[in-house]
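Novice: 3D model of this:
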Amino acid sequence: MIRKALPILFLIVFSGSALAQPAKPAQSPTPQTRPTTSFDLSEYGVKVQPDARLIIVMAALEAAGFDPTPPGREMSPFRRVLQKDQANLDADLRARLRTFYQRNKLPAPATPADEAARYVSLAYAMGQPPLLEGPERSEELPAGVLEVLDFAPLVREFYRKSSMEERLVSYLRAYQAEGDRLRPLTSEMVRSVLSYLHTRPIIVTTERVRVKSPDKKNKNVVAYSTREHERHFYIVPDLLAAPGTINFRVIADEYYAIVPEGTDPTSSELRRGFMQFVIDPLVLKFNKQVATQRDQIKQVIDARTKSGATVSPDVFIVVGKSLVAAADARYAEANRLELVTQIQRARLQQAKDDATRVAIAKEAESARAAIADESVAELADDYEHGAALAFFFADQLRDFQSSGFDIANFFGDMITGIDAGKESKRLETVSTARERAIAARKAHPRYSIWLIDPSAETREAVEGTHNSALIRSLAEIEKLLQTRHYQDAEMQLKSLLFEYPGDARLLFTLGRTASLWARDTTDDAQQADRLNRALANYRLAVAAASPDIDGALLSHAHESMGRILAFLDRNDEAMKEFDAAIKIGPINGGAYNDAIAGKKKLAQP
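Specialist: Numbering: from 1, shown residues only. Sure, this is the predicted structure:
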């Protein structure tokens, strides 16, 4: 295919994080063979890895006074370590860093994420250490980078005078640990998105380039050759980022998602970024088909522009942005509908009479209608922000979802039949459904729960306090674990996380479920997948837990991770987890003695 150069795009997108006293910790897996990796992200162009340039630039920015810690919250452990390490930084350099940062601060109402975005862009425009070459000043550089370009010499000086070179190895280990937490959850997200789209991403593109003419006598002869490029979707941990914010960068064939500590890839804007990685090359591959619809698309763009909307004049950008928006909305809708079906099925199994079954069916239909309205509202939001064909592609995807065909094979047919008049008036035709969704958002504080479970709030009022309802749910899940119904337990726990987002007990129990499931698994690949899921959820539980009230949970989480890591022959990491559990001390209900035993066993030759 002919590769068309993509512009450098600079976006900020926002994600929600899913950070969330069991009876017994999971037992160590028993199979003797070491598990193998079951899902290789690199096969799909995805890499989870830190970037030294980003660490250095963000450390320099921290020395300049940037601190995105929300009011009333403690700063992250890594930021505390960094501040301690840089306590003796050259005073003159620190003053010049602060002066530059203050002089170039964005005006209100800019957020810490907005502030950091330009410096993240600068990091990716610089060379790797130790030289950290800055880009040449040019009109081709994005405005955000130009605004802070003179920070690059200060970064190089900071690198030389701050002992960053000596400490970078240990910093990279901390970032790699966060990458290890992200990896299994990223695998789940990638697998789910590709399953929905029925495709594999294009990870190699071909560019047609002009070369020196082979005809020495006639130099006017134009000759071309082809050059292959690998495409990558990099997920880059950033322990100094503004909490809850993902910075997304596209630089030619390289896609960068810079994610803060604690991000859940399965329920964040990381998913939309990956969808863009999958869809962008399809737009280029089918550029001829897109070109046949150019006049209709231009009419839509012109109509939206006249109405005051900001829409790119490039039809290819509009097509790609619209298809990503449509795919994301339909994906979210499909997952919500699946949860409604699961909840309905579980309640019908417990229903004792026909009247109850009818009420359950009516509630499920009400939830499906609300989910449809929310999908319309989400599409309308994207439509107003430049995705002028979002509704068109959403309609096409409705048919695509049931076909089971690869979207890469379906795209050529999907792009045909654009009606400019219809697409220009979409907001008018969906206004009623959108207004219902907006009203519902305002009426229900926990809207994401209400969408899939409309009676949740009423049931809580009848059943008692929010916490007691969760305790009862966990007791029921404990019964499922005792009877080895791991899949049912996992399904119920994921459903409860919609209702109790960020609850440490739920996340711990998800980790325990995956660990127990791995113990009873004989397939090495499945066992590896479940053990990695267990580690990821235990780490999320640790991040969400409160040391004051969740001491026992933290103790068991660290000890459980220690056993899993020891089984995986990651002994240094296992020792750290056992030490963390021991440090908590012999608290009531904790795993102090088990951690001591695990550490002793690990130290044996």
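Novice: which stretches of the chain form strands?
Specialist: Listed in chain order, the strands of the chain (DSSP state E) span 9-14, 46-48, 204-211, 223-230, 232-238, 245-251, 254-260.
Novice: Tabulate the ones you listed (TSV), appending mean pLDDT, distance to Ala334 and mean neighbour count.
Specialist: Using the backbone N, CA and C atoms, a C-beta is placed for each residue, glycine as well. Conversion of the strands of the chain to TSV gives the following (pLDDT from 0 to 100; distance: least, CB to CB, whole Å; neighbours: other CB atoms under 10 Å):
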stretch	mean pLDDT	distance to Ala334	mean neighbour count
strand 9-14	35	21	15
strand 46-48	96	22	21
strand 204-211	78	29	13
strand 223-230	81	31	11
strand 232-238	96	22	23
strand 245-251	90	22	21
strand 254-260	94	23	24
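Novice: Which one of the ones you listed lies nearest to Gln344?
Specialist: With CB to CB as the measure, strand 9-14 is the member of the strands of the chain nearest Gln344 (31.3 Å).
Novice: picking up where we left off before, could I get the strands of the chain as TSV with distance to Met491?
Specialist: As requested, the strands of the chain are arranged in TSV below (distance: least, CB to CB, whole Å):
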stretch	distance to Met491
strand 9-14	28
strand 46-48	26
strand 204-211	37
strand 223-230	37
strand 232-238	26
strand 245-251	27
strand 254-260	26
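Novice: Not counting residues beside it along the chain, what's closest to Arg118?
Specialist: For Arg118, ignoring the flanking residues on the chain, the nearest one in space by CB to CB, 6 or more residues apart in numbering is Gly144 at 4.1 Å.
Novice: Tell me the helices and strands packed up against the longest helix along the chain.
Specialist: Residue-count comparison of every helix in the chain, with assignments taken from DSSP state H, identifies helix 315-350 as the longest. Helix 315-350 is packed against helix 164-197, helix 270-285, helix 287-292, helix 294-306, helix 354-384, helix 390-403, helix 447-452, helix 486-499, with contacts defined by 3 or more CB pairs under 8 Å, 6 or more residues apart in numbering; DSSP states H and E.
Novice: Please identify the most buried of those helices.
Specialist: Each of the helices and strands packed on helix 315-350 was given a mean neighbour count from mean count of other CB atoms under 10 Å, and the largest, a mean of 23, is that of helix 270-285.
Novice: Report the mean confidence score over the longest helix of the chain.
Specialist: Average pLDDT, helix 315-350: 93.
Novice: Could you find the closest non-adjacent residue to Leu480?
Specialist: Computed as CB to CB, 6+ apart, the closest residue to Leu480 that is not its neighbour in sequence is Ala489, at 4.1 Å.
Novice: residue ranges with poor pLDDT in the stretch 451-600 of the chain?
Specialist: Counting by pLDDT under 70, the stretch 451-600 of the chain contains low-confidence residues at 457-466.
Novice: Run through the helices of it in chain order.
Specialist: For the stretch 451-600 of the chain, helices defined by DSSP state H, counting those that start in this stretch occupy the ranges 456-463, 466-482, 486-499, 504-519, 524-544, 551-567, 571-584, 592-603.
Novice: To Ala257, which of those lies closest?
Specialist: Shortest separation from Ala257 across these is recorded for helix 524-544, at 17.1 Å, computed as CB to CB.
Novice: what packs against the closest one?
Specialist: With contacts defined as 3+ CB pairs under 8 Å, 6+ apart, the secondary structure elements packing on helix 524-544 are helix 164-197, helix 504-519, helix 551-567.
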